[in-house]
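Chemist: Structure, please.
(chains A and B)
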Protein chains: 2
Amino acid sequence: MAIKLYDLAGADPEARFSPNCWRVRMALAHKGLDTETICWRFTDKDMIAFSNQGKTPVIVDGDKTVVDSWAIAEYLDEAYPDRPMLFDSAQSKAHGFFIKTWTERVMHPGVIKQILLPLFDQLAEQDKAYFRESREPMFKCTLEEFGADAEAALPGFRAALQPLRMTLAEQAFLGGDAPSFADYIVFGAFQWARVSASRDLLEPTDKLVSWRQSMLDLYDGLAASTPARAA
Amino acid sequence: MAIKLYDLAGADPEARFSPNCWRVRMALAHKGLDTETICWRFTDKDMIAFSNQGKTPVIVDGDKTVVDSWAIAEYLDEAYPDRPMLFDSAQSKAHGFFIKTWTERVMHPGVIKQILLPLFDQLAEQDKAYFRESREPMFKCTLEEFGADAEAALPGFRAALQPLRMTLAEQAFLGGDAPSFADYIVFGAFQWARVSASRDLLEPTDKLVSWRQSMLDLYDGLAASTPARAA
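Modeler: This next block holds a predicted model:
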């Protein structure tokens, strides 16, 4: 029986833009597990009320429900140890947690600055008021004000990716010769931008482009097959 | 026979301040290997000419010479696989390489800004001209100009440590329940500041203080036993 993934979408049900849901999509493919994604919008709280919280990703595997992308990765390695591991040791997972915190602290704020306004345009109508009301207090300004200086912030965002660039100059993936869940965490941030925004966050000459392309090519082009607004 | 480590020092031969040498000191202790450190100054190029390059750390293990802290860690795990591993899998090492690039790209420039002038004062007289001539072209200004705005840069440096703080809020060490070479890489940057500069880079309330203290306590207080100018 396929594992069900509740997967955030825009007005276009195929526009699956959530970075945290992409972590899980890629992780399920890494494990070689049959997956059924269920289109979910921010305001579909009732649809995932059974998970006792209001955000995606949520997976349902038989009678087991798991929320939060990191917890889902841990669950998949525990439940399916005979499948390729997302983390191959406790130490590797601990190091991967630093890559997670770096991604969420450095990459995500940089990406959201770049994509906020085009992402907002792509949301389902019923989600727009929710998004504005929940995000504006976080940003302490209107969405339009927050997105206004995206252009000026782009060089700083690209510079902040330098540790990633230096790492991927020496190894094919963050996980080494093969992708680990750390690769899916970082890739999720790029996929968020690819699906939501017409601007490519990377310059065409950026060394990260080839790693990103490798990620798009994985699992028969799983991530590439989702409609993109950007590269 | 003890492994010899050529270890950078200031005018005080006990002032061992090099972050990259500290990575190796801690790694040798982690492996439980007898170590003899040899006091070395920047201008003692002849003393390590046998290594075919001019920087420390250099280790000599019997008839084997290894340079560069990362290569030394790899060597120690390969040569002594029966001792506690610095990296317990290839994937863990690959993830650790990201922590290395982050440390060198984000932490080291931030630390050097804070400690440059007091560090320069601590150098052996014969090293001062070398240090000035080699560093000023890198900084594209005099040492005094580079160090002048340390105070203004400190809040930004502390903010940039947030991924570290978020990680160590969830686990005892970067390596998980026990330190890995990634912990020694990050700790090396703090030890550089502790030995060189009178200013503590962390506020006393910083959650990183307790992790740093754990690192200072390891191996019977190895790192704590080196004379400190700061906490």
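
Chemist: Once you drop chain neighbours, what's closest to residue A:168?
Modeler: residue A:211 (4.7 Å; C-beta to C-beta, 6 or more residues apart in numbering or on different chains). In this view, the C-beta of every residue, glycine as well, is placed from N, C-alpha and C.

Chemist: how about the CA coordinates for whichever strand or helix holds the one you found, as CSV?
Modeler: Using DSSP states H and E, residue A:211 maps to helix A:208-221. Extracted in CSV, the C-alpha atoms of helix A:208-221 (Å, rounded to 0.1, in the frame of the first residue of the first chain):
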residue,chain,number,x,y,z
LEU,A,208,25.9,24.8,-7.8
VAL,A,209,23.9,24.5,-11.0
SER,A,210,25.4,21.1,-11.8
TRP,A,211,24.6,19.7,-8.3
ARG,A,212,21.1,21.1,-8.6
GLN,A,213,20.7,19.5,-12.0
SER,A,214,21.9,16.1,-10.5
MET,A,215,19.2,16.5,-7.9
LEU,A,216,16.5,17.3,-10.6
ASP,A,217,17.6,14.2,-12.5
LEU,A,218,17.3,11.7,-9.6
TYR,A,219,14.6,9.1,-9.5
ASP,A,220,13.7,9.5,-13.2
GLY,A,221,13.5,13.2,-13.0
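
Chemist: which SSE is residue A:60 in?
Modeler: Per DSSP H and E, residue A:60 falls inside strand A:58-61.

Chemist: What residues are bridge-paired with residue A:58?
Modeler: Note on residue A:58: beta-bridge partners by DSSP bridges are residue A:6, residue A:67.

Chemist: what packs against the helix or strand encompassing residue A:151?
Modeler: For residue A:151, the enclosing helix or strand under DSSP H and E is helix A:150-160. Contacts defined by 3 or more C-beta pairs under 8 Å, 6 or more residues apart in numbering or on different chains; DSSP states H and E place helix A:150-160 against helix A:108-122.

Chemist: Quick check: next helix or strand after the helix it packs on?
Modeler: Immediately after helix A:108-122, counting by DSSP H and E, sits helix A:125-139.

Chemist: Mind giving me the packing neighbours of that following helix?
Modeler: The elements that helix A:125-139 packs onto, with contact taken as 3+ C-beta pairs under 8 Å, 6+ apart, are helix A:108-122, helix A:143-148.

Chemist: between those, which one is nearest to chain B?
Modeler: Chain B lies closest, by C-beta to the nearest C-beta, to one member of these: helix A:108-122, at 10.8 Å.

Chemist: Using PDB, write out every CA atom in that closest one.
Modeler: What follows is helix A:108-122, C-alpha atoms only, in PDB (Å, rounded to 0.1, in the frame of the first residue of the first chain):
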ATOM      1  CA  HIS A 108      15.200  29.800   3.700                       C
ATOM      2  CA  PRO A 109      15.100  33.500   4.800                       C
ATOM      3  CA  GLY A 110      17.100  34.300   1.700                       C
ATOM      4  CA  VAL A 111      14.800  32.300  -0.600                       C
ATOM      5  CA  ILE A 112      11.600  33.600   0.800                       C
ATOM      6  CA  LYS A 113      12.800  37.200   0.200                       C
ATOM      7  CA  GLN A 114      13.300  36.400  -3.400                       C
ATOM      8  CA  ILE A 115      10.100  34.400  -4.100                       C
ATOM      9  CA  LEU A 116       7.500  35.900  -1.800                       C
ATOM     10  CA  LEU A 117       5.500  38.000  -4.200                       C
ATOM     11  CA  PRO A 118       5.400  35.500  -7.100                       C
ATOM     12  CA  LEU A 119       4.600  32.700  -4.600                       C
ATOM     13  CA  PHE A 120       1.700  34.700  -3.200                       C
ATOM     14  CA  ASP A 121       0.400  35.200  -6.800                       C
ATOM     15  CA  GLN A 122       0.400  31.400  -7.300                       C
END
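
Chemist: Neighbours of residue A:170, how many?
Modeler: Using other C-beta atoms under 10 Å in any protein chain shown, residue A:170 has 12 other residues around it.

Chemist: residues contacting it?
Modeler: Residues near residue A:170 by C-beta atoms under 8 Å, 6 or more residues apart in numbering or on different chains: residue B:97.

Chemist: State the three-state secondary structure for it.
Modeler: Of the three states, residue A:170 takes coil under DSSP: H, G, I helix; E, B strand; the rest coil.

Chemist: per-residue pLDDT, it?
Modeler: Residue A:170 is assigned a pLDDT of 97 by the prediction.

Chemist: Could you report the separation of it from residue A:163?
Modeler: According to C-beta to C-beta, to the nearest Å, residue A:170 and residue A:163 sit 12 Å apart.

Chemist: ok, residues contacting stretch A:199-210?
Modeler: A:111, A:114-115, A:118, A:154, A:157-158, A:161, A:164-165, A:168-169, A:190, A:193, A:212, A:230-231.

Chemist: Restrict those to the buried ones and give me that as a PyMOL selection.
Modeler: To isolate the buried subset of the contacts of stretch A:199-210 in PyMOL, counting by 16 or more other C-beta atoms under 10 Å in any protein chain shown, use the following:
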select buried, chain A and resi 111+114+115+118+154+157+158+161+164+165+168+190+193+212+230+231
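
Chemist: surely residue A:42 meets residue A:130?
Modeler: Yes: assessed by C-beta atoms under 8 Å, residue A:42 is found in contact with residue A:130 at 5.1 Å.

Chemist: Can you pick out the residue with more neighbours from the two?
Modeler: A direct count of neighbours by other C-beta under 10 Å for residue A:42 and residue A:130 places residue A:42 higher, at 20 against 15.

Chemist: secondary structure class for that one?
Modeler: Of the three states, residue A:42 takes coil under three-state DSSP.
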